[in-house]
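Peer 1: below are the sequence and a predicted model for it; my questions follow.
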Amino acid sequence: MSNEAVLHAPAGAGLHDAHGDHHHEHHHETFISKYVFSMDHKMIAKQFLITGMVWAVLGGLMSVLFRLQLGYPESTFPWLEDILGKWAEGGKITPEAYYALVTTHGTVLVFFVLTAGLSGTFANFLIPLQIGARDMASPFMNMLSYWFFFAASIVMLSSMFVEFGPFSGGWTAYPPLSALAAASPGSGTGMDLWLIAMALFVVSSLLGSLNYIATVLNMRTKGMSMTRMPLTIWALFFTAVLGVLSFPVLFSGFILLIFDRNFGTSFYLSDIFINGVGALPNEGGSAILYQHLFWFLGHPEVYIILLPAMGMVSEILSVNSRKPIFGYIAMVGSLFAIAILAFLVWAHHMFVTGLNPFLGSVFVLLTLLIAVPSAIKVFNWLTTLWRGNIRFTPGMLFSIGFVSLFISGGLTGIWLGNSALDIHLHDTYFVIAHFHIVMGVASMFGMFAGIYHWFPKMYGRYMNNTLAYLHFWITLGGAYMIFWPMHYQGLAGMPRRYYDYSVWESFKQFAELNRFISTVAMIVFAAQLLFLFNFFYSVFKGRKVTTQNPYNANTLEWTTPINPGHGNWVGEIPEVHRWAYDYGKDGKEFISQTTPVGADESSH
Amino acid sequence: MTALLITAVSLLIFVVIFQISKASEYVAILKGEEHSRKQNNKINGFLMVVFLVLGLVGVWYCNEVLYDKTLLPYESASVEGERVDSMLWLTLAVTGFVFILTQIVLFWFAYKYQESETRKVYFFAHSNKLEAIWTVIPAIALTVLVVIGLRNWFLFTGEPPKEAMVVEVTGKQFGWIYRYPGKDGAFGKKYYKNIDNANNSLGLIWDDKLGHDDLVMEQTMYIVKGRPVKLIIGSRDVIHDVGLPHFRMKMDAVPGIPTTMWFTPKYTTKEMKEITGNPDFQYEISCDQMCGNGHYSMKGIIEVLDQAEFDAKMAGQSPYYYTSNPDKDPANAKADTVKTAAKPVELASKVTAKL
């Protein structure tokens, strides 16, 4: 093909054949052992990534469907009935379907995309490559981690096809609603499957996280002290610690819920009368107990989602500013502070449950304390850009976008963390705007940044930059257009999770805005398809990478062959002599971590 | 048909975008990658400033269009809500300032320090002074916000003034039931296993004489302008939430665990109609906690009256004990005969609506 000829002509000749490198190490690789039950951390990372992408498309599509209802509550779309059948009779999504879509969108995006898809991908891919290890501490456990995630995905997917529909009580699954099929049809079989899927997911997450921790602590190459690790590794390490300590608590909450649902216990149930069923026998349980158990994971979960993005953004900002990250120790310290505080703020989700006001006040204090390490991070990122020499690679663009979104969404956290103000804004669209910007879109930007930045390392090819630029600018503008106006809906007290606002005198004035938001959401969704196309096209047909270190970066992954085999380095693993951020030092553009410290080198 | 057309057009747009992008890649290679990379860098650097300017204009425009649709143009309808509003404005001032400042710095730096062959980057790895500054200043600002917030929080969650009236609010799928203590000022006991949709929607224990004068209503709750009201909130089935945006208050309704909330209404419903210029205005109770498929329709109404109107309203109500047990009603005992036959069996709401 002539296209191929143009693209690859300069690359053709002088390249060392990357495939040749690992051939002598692995003779018996079959399709199954290489692509399916792989124990190579790089392949497992790709498996997480692509499964995450499938979920992102499904989850995103769900949001488009329920935005259709919110934006056009009076219209009917006959094609919806073709897709959804009885859930959209006459082309209008039913309330049952609407709530199922909202719930599944939340569950899938939070857990399957931004936890498994983000940490699963980049912890697996980057930890061994950046600390100088041949693979994870336990490649087998690592493989199991993916396949538990896969099993969780299958169960979650299957819950969408059961008679009374998937679980529809919101992603937080508060009992009694989630415990009683009589209270909501989705709380029947749909909820059983939801719980099974989540239990499998917790197993997957624990297997993965334990492995990441063990690897970071034990398998660093010679000279790679903890304080020489790139910030990505620090962030992924803290993420794994958060996961290990908090997911079991969620799991215990789910176990109690399973008992209440199936075995007649009353952990969460008390004094309940259901229309059509009558009074239930359960007495003495506390529905609030579940919320404590849930949010003890739920809040660290926010940081499980956010920290990997912060780590990657720190790395990418530094590489592309050609400048060291500003305040490395402060960056590590603030990650540590955030990780600690993450465990001490969960009840700020529960200010209006009637919790003890004194307890509430402690949580206000600790919650707003998080703003301090967050502020340190933001100012350090800004200072990293200052007097740099910025290259706008797609990864860099998304990193800058991340910082912008993190600021915008983080600041509204100061509103919501202050309980007296939260009373007014709790469970309104203000909250939707806040967490979508700071956790959803920002982390998604971190993920895009990571994908664009490390794509050449993953596949030995480049993605198309023009498509990437388009993707970035549409998504950044679109994300703000979708979520910024929602603050105003929140300031009108408009509650979340409503199927239709038209009967409400207090909230019906936003019909036009809802239409606008829905339209933008569709455009942004389409732009993501552009990205997906770019991704898969480039995996097979992208321009080939011809240099080992295309970004002139310092970290170890760029010392591996262009297409590293299982084991990553041919021969010895390189030794590390310095931190990862010697950019622009002593007039040198960059100094790789593997370069010994020179005698005349200035210290910083 | 239109769906097909839209799909076709979108597909076409995709193909065009893709072809252009691919072509640009070829051009880049032919012209020299370094050259076109620098060109793209300039474009994206310029777009940073464009985005900053358009973004700030967008923020302003968004405020122009939407400000009047929020609750901000009018005062809070409760005395306590004024404190929420003043906190809100202060928090907005602080966070708004930081927002504008940091966004300008971010996109301006991105533009200003875009790659240039003449610039030598400044190796700047850390500065204890700078880091101390941006640790301490946010900490101080947050301390101020926390102190103000907690003072309000303890006021809102503390005991209401003594003269407060008390109303019990019970959520159920998908509506609200209100109970007034009646003349004796005390609620009768209830037990959820006594609940019967036909004639005992709250499960009152009829043996408890304190409950005999309790009034039970649905749909609309009546409270008095200027008089603090304490709500005792509960739920019959799943978790609901009493959301009162105009009073800036909110509290969950949890089965088995009563919660409370109090506030002092400032304006009657009639006055609010004038203030907002909306003749259809009403204080709505929105359920703010996902409670099932009818969540979005779980609406209650609060009507704020002045004392005289309120007294007249209450005088016309007959205690729930009598409407549920017509044989015990002294009024019926005299008139007797025909009325008992008309005792409604099916819908408790019908009974209470007539109240």
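Peer 2: That came through fine. Numbering: from 1, shown residues only, chains lettered A, B, ... in the order given.
Peer 1: low-confidence ranges, the stretch 201-350 of chain B, go.
Peer 2: B:333-350 (pLDDT under 70).
Peer 1: give me every residue in it lying close to chain A.
Peer 2: Selection of the stretch 201-350 of chain B residues close to chain A by CB under 8 Å from any CB of the partner chain yields B:203, B:233, B:236-239, B:241, B:243, B:245-246, B:248-252, B:254-260, B:278, B:280-282, B:284, B:286-297, B:299. (Each C-beta comes from the backbone N, C-alpha and C, glycine too.)
Peer 1: buried subset of those, written for PyMOL?
Peer 2: To isolate the buried ones among those in PyMOL, judged by 16 or more other CB atoms under 10 Å in any protein chain shown, type:
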select buried, chain B and resi 203+233+236+237+238+239+241+243+245+246+248+249+250+251+252+254+255+256+257+259+281+282+284+286+287+288+289+290+291+292+293+295+296+299
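Peer 1: how far away is the residue in chain A that chain B sits nearest to from residue A:102?
Peer 2: Across chain A, no residue is closer to chain B than residue A:493, which sits at 2.5 Å (CB to the nearest CB). Going from residue A:493 to residue A:102 by CB to CB, to the nearest Å gives 19 Å.
Peer 1: thinking again about what came up before, list the contacts for the closest residue to the residue of chain A closest to chain B other than its chain neighbours?
Peer 2: Nearest non-adjacent residue to residue A:493, counting by CB to CB, 6 or more residues apart in numbering or on different chains: residue B:245, 2.5 Å away. Residue B:245 makes contacts with A:424, A:428, A:492-493, A:506, B:71, B:284, B:286, as judged by CB atoms under 8 Å, 6 or more residues apart in numbering or on different chains.
Peer 1: going by distance to residue A:242, which of the residues you listed wins?
Peer 2: residue A:428 (27.9 Å; CB to CB).
Peer 1: got a list of what residue A:67 touches?
Peer 2: Residues near residue A:67 by CB under 8 Å, 6+ apart: A:517-518, A:521-522.
Peer 1: in the stretch 201-350 of chain A, which spans are helices?
Peer 2: Along the stretch 201-350 of chain A, counting by DSSP state H, counting those that start in this stretch, helices occupy A:231-262, A:287-321, A:328-341.
Peer 1: likewise the stretch 501-604 of chain A?
Peer 2: A:511-541.
Peer 1: just the stretch 51-200 of chain B next, same as before
Peer 2: B:79-112, B:128-157.
Peer 1: where does chain B get nearest to chain A, which residue?
Peer 2: residue B:245 (2.5 Å).
Peer 1: what's the distance between that residue and residue B:274?
Peer 2: 19 Å.
Peer 1: got the domain boundaries for chain B?
Peer 2: Residue ranges for the domains of chain B, per automatic domain parsing: B:26-115, B:125-158, B:165-354.
Peer 1: of those domains, flag the one that's most buried.
Peer 2: Stretch with highest mean neighbour count among the domains of chain B: domain B:165-354 (a mean of 19; mean count of other CB atoms under 10 Å in any protein chain shown).
Peer 1: now find how far off-centre it is within its chain.
Peer 2: Here the centre of domain B:165-354 is set off from its chain's centre by 21 Å, with CA atoms, centre = their mean, to the nearest Å.
Peer 1: repeat that for stretch A:258-269.
Peer 2: On the basis of CA atoms, centre = their mean, stretch A:258-269 sits 32 Å off its chain's mean C-alpha point.
Peer 1: for it, give the mean pLDDT please.
Peer 2: When pLDDT is averaged over stretch A:258-269, the result is 95.
Peer 1: quick one: contacts for the nearest residue to residue A:76 once chain neighbours are set aside?
Peer 2: Spatial nearest neighbour of residue A:76, excluding adjacent residues (CB to CB, 6+ apart): residue A:91 at 3.6 Å. Residues in contact with residue A:91 (CB under 8 Å, 6+ apart) are A:76-81.
Peer 1: state the distance from residue A:91 to residue B:3.
Peer 2: Remark: distance between residue A:91 and residue B:3 (CB to CB) = 10 Å.
Peer 1: quickly list what's touching both of these two.
Peer 2: Residues within reach of residue A:91 and of residue B:3 at once, by CB under 8 Å, 6+ apart, are A:77-79.
Peer 1: what pLDDT does the closest residue in space to residue A:438 that isn't next to it in sequence get?
Peer 2: Computed as CB to CB, 6+ apart, the closest residue to residue A:438 that is not its neighbour in sequence is residue A:409, at 2.6 Å. In the prediction, the pLDDT value recorded for residue A:409 is 96.
Peer 1: right, and residue A:530 touches residue B:15 too?
Peer 2: No. In this structure residue A:530 lies outside contact range of residue B:15 using CB atoms under 8 Å: 11.3 Å.
Peer 1: show me where the stretch 301-450 of chain A has its strands.
Peer 2: Per DSSP state E, counting those that start in this stretch, the stretch 301-450 of chain A has no strands. Nothing in it meets that criterion.
Peer 1: for residue 272, what are its contacts?
Peer 2: Picked chain A for this. Contacts of residue A:272 were listed using CB under 8 Å, 6+ apart, and they are A:176, A:180, A:279-280, A:282, B:192, B:236-238, B:255-256.
Peer 1: I was thinking of chain B, sorry if that wasn't clear
Peer 2: The contact partners of residue B:272, taken as CB under 8 Å, 6+ apart, are B:77, B:246, B:281, B:283, B:304.
Peer 1: dig out what the fourth one forms beta bridges with.
Peer 2: This points to residue B:283. When assigned by DSSP bridges, residue B:283 has beta-bridge partners residue B:302.
Peer 1: need the contact list for it.
Peer 2: Applying CB under 8 Å, 6+ apart to residue B:283 gives the contacts B:77, B:244, B:246-247, B:269, B:272, B:301-304.
Peer 1: doesn't residue A:181 lie inside a helix?
Peer 2: No. Read with DSSP: H, G, I helix; E, B strand; the rest coil, residue A:181 is coil and lies in no helix.
Peer 1: is it true that it touches residue A:187?
Peer 2: Yes. Counting by CB under 8 Å, residue A:187 is a contact partner of residue A:181 at 4.9 Å.
Peer 1: those two: which is more packed in?
Peer 2: residue A:187 (26 against 18; other CB atoms under 10 Å in any protein chain shown).
Peer 1: from residue A:101, how far off is the nearest residue to residue A:186 once chain neighbours are set aside?
Peer 2: Distances taken as CB to CB, 6+ apart put residue A:168 closest to residue A:186, at 3.3 Å, once the chain neighbours are dropped. As judged by CB to CB, residue A:168 and residue A:101 stand 8 Å apart.
Peer 1: before we move on, what about residue A:293?
Peer 2: In this view, residue A:293 and residue A:101 are 26 Å apart by CB to CB.
Peer 1: higher neighbour count, those two?
Peer 2: residue A:101 (27 against 22).
Peer 1: where are the low-confidence patches of chain A?
Peer 2: Applying pLDDT under 70 to chain A flags residues A:1-27, A:604.
Peer 1: hang on, the earlier thing: so can I have TSV of the helices of the stretch 201-350 of chain A showing distance to residue B:321?
Peer 2: Putting the helices of the stretch 201-350 of chain A into TSV (distance: least, CB to CB, whole Å) gives the following:
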stretch	distance to residue B:321
helix A:231-262	35
helix A:287-321	30
helix A:328-341	53
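Peer 1: right, so the ones you listed: which one is the most enclosed?
Peer 2: Of those, helix A:287-321 is the most buried (mean count of other CB under 10 Å), at a mean of 25.
Peer 1: quick one, that one and helix B:79-112 angle?
Peer 2: Calculated by axes from the mean of the first three to the mean of the last three CA atoms, to 10 degrees, helix A:287-321 forms an angle of 20 degrees with helix B:79-112.
Peer 1: is any residue of helix A:287-321 near chain B?
Peer 2: Yes. Judged by CB under 8 Å from any CB, helix A:287-321 comes into contact with chain B through A:287-288, A:321.
Peer 1: returning to that earlier point: biggest separation within the contacts of residue A:67, which pair?
Peer 2: Counting by CB to CB, the most remote pair of the contacts of residue A:67 is A:517 and A:522, 10.0 Å apart.
Peer 1: look at the two and report which has more neighbours.
Peer 2: Neighbours of residue A:517 and residue A:522, each counted by other CB under 10 Å, are more numerous for residue A:517; the result is 22 against 17.
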